[in-house]
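1. Model the structure of this input:
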Amino acid sequence: MTALPFDPNCDLCEAAHLSEWHHEDDTCWVADCEVCGVPMVVWKRHGPTPPESDIEHMVAELSRVADARFGDGEWAVDRVMRQIPNHFHAHGRDPNWWFRLRGLR
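-> Predicted structure coming up:
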């Protein structure tokens, strides 16, 4: 699938500032995920498969934010695109994210 610059029907393309934003550049943005509250990096082009160089850059930016929040090595990159599978994004998840989401911790 070819990446598009923008899809007007895509929530991630809209890039609404509904949560705290931590980074933005020409490749990506990093903000707290509205659903689970952990840092999430989003590719600025619409599509599921960015070039490897963009992925490396995005993971580096996500890492910087997630390390500051959770501590170096205290989180993992989750690249499963569950709710929006056609626009690349990845989460920085700490071990307790699921419990916080469900109000158990």
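
2. Residue 10 touches residue 83, doesn't it?
-> No - using CB atoms under 8 Å, residue 10 makes no contact with residue 83, being 11.5 Å away. (Each C-beta comes from the backbone N, C-alpha and C, glycine too.)

3. and those two? which has more neighbours close in?
-> Neighbour tally, residue 10 and residue 83, criterion other CB atoms under 10 Å: the higher count belongs to residue 10, 15 against 9.

4. Enumerate every residue touching that one.
-> 46, 84, 86, 87 (CB atoms under 8 Å, 6 or more residues apart in numbering).

5. In the chain, where's the longest helix?
-> Determined from DSSP state H, the single longest helix within the chain is helix 52-70.

6. which helices and strands sit right next to that one?
-> Judged by 3 or more CB pairs under 8 Å, 6 or more residues apart in numbering; DSSP states H and E, helix 52-70 is in contact with strand 21-24, strand 28-32, strand 39-43, strand 76-78, strand 89-93.

7. Could you give the separation of the fourth one from the chain centroid?
-> Per CA atoms, centre = their mean, to the nearest Å, the displacement of strand 76-78 from the mean C-alpha position of its chain is 10 Å.

8. do stretch 64-76 as well
-> On CA atoms, centre = their mean, the centre of stretch 64-76 falls 14 Å from the chain's centre.

9. Tell me which residues of that stretch come out buried.
-> Within stretch 64-76, the residues that count as buried by 16 or more other CB atoms under 10 Å are 65, 66, 70, 75.

10. what pLDDT does the first one get?
-> Looking back up the chat, that one is residue 65. pLDDT for residue 65: 98.

11. That one reaches residue 23, doesn't it?
-> Yes - applying CB under 8 Å as the test, residue 65 and residue 23 come out as touching, 6.4 Å apart.

12. what is in contact with those two at once?
-> Contacts common to residue 65 and residue 23, judged by CB under 8 Å, 6+ apart, are residue 30.

13. which of the residues in stretch 49-56 are buried?
-> Within stretch 49-56, the residues that qualify as buried are 50, 54, 55, counting by 16+ other CB under 10 Å.

14. Same check on stretch 12-21?
-> 12, 13.
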